[in-house]
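Peer 1: any chance you could fold what I've pasted below:
(chains A and B)
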Amino acid sequence: MSIIGKNIPHDAAHTHVRGESVYIDDMPHAQGELLVGILGSPYAHGRIKKLDLSKAQNIPGVVCLLTCKDLHHNVFGPITQDEILLVEEVSQFLGEPIVVIGAETREAIKQAKEAIVLDMEELEPILTINQAIAKKSFIDKVYKINRGDVDAAFKTADHTLDGVLVIGGAEHFYFESQACIAYPGENNELVVHSSTQNPSEVQHTIAHLLGLKQSEVVVITKRMGGGFGGKECQATHPAVMACMVALKTKRAARLIFNKDDDMKHTGKRHPFQNRYKVAFDNNGVITAVKFDLYADGGAYNDLSTAVIGRAITHSDNAYFLENAQLTGTICRTNLPPNTAFRGFGGPQGIITIENVMEEIAQYLGLDALLVRQRNLYGTGDTRNTTPYGQVISNNNLPAIFEQLSASCDYQNRKKAIDKFNAESETHVKGLALTGVKFGISFTNTMLNQANALVNVYLDGSVQVSTGATEMGQGVNTNMRMLACDEFGIPVEHVRVMATSTEKNNNTSATAASSATDLNGAATVDACRKIKENIAKAVQISMENISFEDSKVYDKQNPSNSRSFIEAVAATYRSRTSLGERGFYATKGIHFDWSKGHGEPFLYFTMGAAVSEVLIDRFTGTMTVERFDMLMDIGKSINPGINKGQMAGAFMQGIGWMTNEELRYSDKGALLNHSPTTYKIPNINDIPAIFNINTTDFYNTPNIRGTKAVGEPPLVLGISVYAAIKNALSYLTGSENVIAPLSIPATPEEILMRMECHYEKANNGKCTAGALRFNEFHDIQLPEIIYKNLRPVSSSVAAARSKNDLSGKTREKAKAILDV
Amino acid sequence: MRDFVSFFVNGKQVNVSGAAVFKPLTEYLREDMRLVGTKVVCAEGDCGACTIFEGRLDSSQNKIDYKPINACIKYVMQMDGCHVVTVEGVSFEEPLNAVQKAMVDGHGAQCGFCTPGFIMAMSGLCEKALSCKTKIDSQSSKEALTGNLCRCTGYESIISSTCAINTAEYKPVATLYPDKNIVPELKKISGQQVEIKTNKYHTFLPTTVEELASVKEQNKGLRIISGGTDLGVVMNKMEWVPEITACTANLSDARSIIEKDNKLIIGPNVTLAQVEDYLKDKCPEFSKLFELFGSPQIRYAGTLVGNIANASPIADTPPFLFVMDAELELANKSKRRMVPITKFYKGYKDLDLNQDEVIAAVHLPLPAKDETVRLYKVSRRIHLDISSFTAAFRLKINQGKIEQAAVALGGVGPVVIRATEVEKFLTGAPLTRDTFKKAGEIAAANIKPISDVRGSLDFRLRLSENIFQKLFFDLGKKEVCR
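Peer 2: Numbering: from 1, shown residues only, chains lettered A, B, ... in the order given. Have a look, this model is predicted:
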């Protein structure tokens, strides 16, 4: 019996619940081990005028104080090399490390920070996307995808829509903050335990910055207490700093961020401000779009260029865009470099078009589900190609939309909400169905490779090692089950080992939802090689050999059978290898950014969700009353683990959409840097009715018929945003008026938007969401300015019709929207 | 006089003296005792990863009552006379206990970092379910786990795991660590005065309110640590331990609520959880407010007196105490005086409390039968969040007319205020939406809130205005409290 499809527990569940799982800071302190502290820039942008370490050096317990001068190289970066580890002269974000302190106690670190004389001149920082655009402060080029004749389509359009969608960032809030311990060895060797999604990147960066060979650095990752993208690139910084101290002092060095410092000084999900212009017909079918996506990249590139790429390639989402002009620009600001976060720009692209769907529906007075269905990618030979030229094979989207809207009783609930909203004086409800089509594969084709090492021991037990890192998502359990299935042995006999660059070299990050796809396939490849060796030893052909129920036998002659252990012993006696390396590289994918064209994805994970929300008209407080998700994730290796991925991703999505708001001071300091003020979803925030289901379409080219699941369900948090927008549309007080809404839709944002509509109904002045009805690129985004807080931009939108371009509609829009 | 702190950890007595007394409990557990199952994430009592059991003698003095609390904001000195049980302390049953088994089978753990805290909070729910003979369902699971954040699972699997716990197989802490072995020692410990001095820090654990007042009188700058749910955060985040402290942990007779003439006299160590429990039937509206007040871990540790003395303008209990005209009983070493709570706050964190005085009790009148009490708390996240805005109303309504009105607002200035202009306007006014609309306008016109991370000035003004209309619609309902 195959183990695939069984709900066995996570491979670390037993030690997790007993408190026995070891995370970096749980490792015992080595004799003489040092703690590492950091003195960072007090300004978001500043120039060092004086740095004097002499006083601090004499503090008892302080062992070393290191600066950029102690580095072999200071410049690095995963894609483009524009980042520095330690400030040389000018700091680019608040808290950017300047001095690395190695000390024997926390108290000594504290005293050292106070004793270091750092005199800096404050320079004017760039803290918002608007400021960066005004100063033309950008990272890399403008990324472009073009199809069709957009201008012609706009000229003939029945209706057009203009707007800017303001999308906030989000903190990863992995529970285990960035953490590393470095142990120095002989001949410059370093053994580094890092809480990272990307041990190879950590190894490479340490070697590069410290002037070592990569072969001198071993990076080990047993597990992470959560990653979510935040440890794809940014585990490197603490690791290098710990290694600096270890190498200098020849003592073990431990650097553990506390939650506040981690939140203040590491990158986040990219905030976006997306300008959109849409042409559509009377049925709500889109004929052309112009999307200009602006991401806040922070001070350095990090992964921003890849993030913006995924954002543009996902701004079609589930919908066919016949004529499209898509651009992506990364703004360079004086904030910590923003980085990967589950979805990797995809959600920020997707929400742009999902928001457009709601606005078209609001403007035309149509049901938004109908508008979405009319725009869905086709299943036949037409309307089936993305703006970048990839044909969508196996398009399950129309079926998913149909199945979900029926199973959640969409139409009847819509009617009930119409009635509720007409009657209730205290609350307003909204309903929305949004979709997801998420491309699977790293958009950088090169990264789609993996290797695996499988060792079979003489007692029949098996070790699997790959470059995949375990951060709770269950990749180890998946690989364990794949190896069990290959060898036909019980799960207890297979152990997935800590990820180490010593066993698996040049590995890609555990990211892009593809760790199981890539590393699982490599594991299976290694297992198959060992099976070939065993087959030779027991003299059964590969076609006829079967590994099942701990037995190895000839399918043609089942009496020719021996236990797996005997087969292993026979292989050993015949002096054949019982350890093999597997390798996998995804075939048939390619992309060329100079043309904005290619087939970057092996396949798409698809799904949809419906949210129903209830809003208190007096306080703006919102609750999700019901949520239904339907995902096509193919077959599951372990359905329990996949369900956990779907529920967890969705709740991260809902947090990003609703309560997680990053607030900065006008000096660029993050003000809410702990869970007291930064509110990730609580157990009480889960929808009262919470249905998660999967389809039974099995049409994927992937290993064992599976589909990647880590990121796509996060996107369905957007259904909550769309439902709030739908609720607001009941309050606009007049037809053809769009209800703009920024992200996150906090109680404050919702209440102020509602009040804005009430005021409009009273011919009052609108204080939020106002739009000066100008040509697209002249839109002046209103900024809400409060004392000592960084200004916050506000989403705006308005539409107009061809027949009425300079007439009534425009005048009406002007009257309503002018400040 | 004892010069060390004495308590139990997982059944074994430990005596701590010197600098270690002034460490956070989690640091002591993780580094001095190598009990690393207890995790620290936020270090401010907001995520629950550090949840442990604190066992203290109950009022009979013969039994230990185990409650889940946040270890990260407790300091070692506060632990005198208690039994700390960590995740390791409930994990010696091989392979898994009933709670752990449910979490493993239900895929309730992903990255595992929050898991030990969840196991302890779930165990706390089991203790409660067994002692109150109630069943665990999804609602009680959510209430019990409000104080535990998880970033991986989306909670769905944790709730179903919790509901699936086989409580018949759950072994209460008191069976793992029989009371007869520990109770006599705890009794000895808790009757003793403690004073500990290092070259940097100095702390007292007095046994009476009078001693506490006299220690405060003699030591300028002394900070009193009650539950420590706020001070613990300040100490962690500022990396600052006050030089001189006094802990209330060993005060005798300080944990009781006495009811007399429709009035409660609430002692200085009475926890928020005790108040919540006591008022379940007597003032359901106030009891219900506690569902939104912190988490079970905070309510088991924090005290009502501490919430008052901490003097935050966005504290959750003062608006209610304001409209109920509660009084504070202040004590020095020889005498006592009463102060109405509405007069207690003179400015931001500025109290009508002399150097030689401490709060000995809260005198809380209960609402009369013909009075309606309504309490509101608006925050970014509904549960386990600090308010952006609070409001409390106590109204006497007769034949469509408001006869008496008391209104208190929080989060709109440096202290909680009684909105006297609005009270005047409402008294005698007809019970119409228009009345409440106007009342809201008057309220908003008379306050000057600030903009901060919890809400802008505009938002708070709007809430002050709107809350009156919300009240109007809520008057017909039983209790709402949102």
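
Peer 1: give the contact list for the nearest residue to B:S334 once chain neighbours are set aside.
Peer 2: Leaving aside its chain neighbours, B:S334 sits nearest to B:E210 (7.6 Å; criterion: C-beta to C-beta, 6 or more residues apart in numbering or on different chains). To be clear about C-beta, it is placed using only N, CA and C from the backbone, and glycine gets the same treatment. Shown in contact with B:E210 (C-beta atoms under 8 Å, 6 or more residues apart in numbering or on different chains): B:A331, B:N332, B:K333, B:S334.

Peer 1: and B:D58, how far is that from chain A?
Peer 2: 27 Å (C-beta to the nearest C-beta, to the nearest Å).

Peer 1: would you check that that residue makes contact with B:D65?
Peer 2: Yes. Using C-beta atoms under 8 Å, B:D58 is in contact with B:D65, at 4.3 Å.

Peer 1: the more surrounded of these two?
Peer 2: Between B:D58 and B:D65, B:D65 has the larger neighbour count (other C-beta atoms under 10 Å in any protein chain shown), namely 17 against 12.

Peer 1: does that one count as helix, strand or coil?
Peer 2: With DSSP: H, G, I helix; E, B strand; the rest coil as the basis, B:D65 sits in strand.

Peer 1: cool, B:Y376 as well?
Peer 2: Quick answer, by three-state DSSP: B:Y376 is strand.

Peer 1: that's a strand at A:I565, yeah?
Peer 2: No. Going by three-state DSSP, the assignment for A:I565 is helix, not a strand.

Peer 1: run a quick neighbour tally on the nearest residue to it once chain neighbours are set aside.
Peer 2: The shortest distance from A:I565 to any non-neighbouring residue, by C-beta to C-beta, 6+ apart, is to A:G460 (3.9 Å). The burial count assigned to A:G460 is 18, neighbours taken as other C-beta under 10 Å.

Peer 1: stretch B:74-81 near chain A at all?
Peer 2: No. Using C-beta under 8 Å from any C-beta of the partner chain, stretch B:74-81 stays clear of chain A, coming no nearer than 15.6 Å.

Peer 1: what residues does that stretch touch?
Peer 2: Contacts of stretch B:74-81 (C-beta under 8 Å, 6+ apart): B:5-7, B:16, B:20-25, B:28, B:54, B:56-57, B:186, B:189-190, B:194, B:196, B:203, B:205, B:225, B:228, B:232, B:235, B:241, B:245, B:247, B:249-250, B:301.

Peer 1: give the contact list for the residue sitting nearest the centre point of chain A.
Peer 2: Central residue of chain A (C-alpha atoms, centre = their mean): A:R342, 1.8 Å from the mean position. Contacts for A:R342 were tallied using C-beta under 8 Å, 6+ apart; they are A:F228, A:G229, A:A649, A:Q652, A:G710, A:E711, A:L714.

Peer 1: list the helices and strands the helix or strand encompassing B:I158 packs on?
Peer 2: Using DSSP states H and E, B:I158 maps to helix B:156-163. Applying 3 or more C-beta pairs under 8 Å, 6 or more residues apart in numbering or on different chains; DSSP states H and E, we find helix B:156-163 packed against helix A:639-657, helix B:98-105, helix B:115-132, helix B:138-144.

Peer 1: wait, isn't the residue nearest to A:I565 in contact with A:V568?
Peer 2: Yes. With contact defined as C-beta under 8 Å, A:G460 counts as touching A:V568 (5.5 Å).

Peer 1: any idea how far the residue nearest to B:S334 lies from B:N332?
Peer 2: B:E210 is 8 Å from B:N332, where distance means C-beta to C-beta, to the nearest Å.

Peer 1: equivalent analysis for B:V407, please.
Peer 2: To B:N332, B:V407 is 33 Å away according to C-beta to C-beta.

Peer 1: neighbour count winner among those two?
Peer 2: B:V407 (26 against 19).

Peer 1: in stretch A:527-534, what counts as buried?
Peer 2: For stretch A:527-534, a neighbour-count test (16 or more other C-beta atoms under 10 Å in any protein chain shown) marks A:C527, A:K529, A:I530, A:K531, A:N533, A:I534 as buried.
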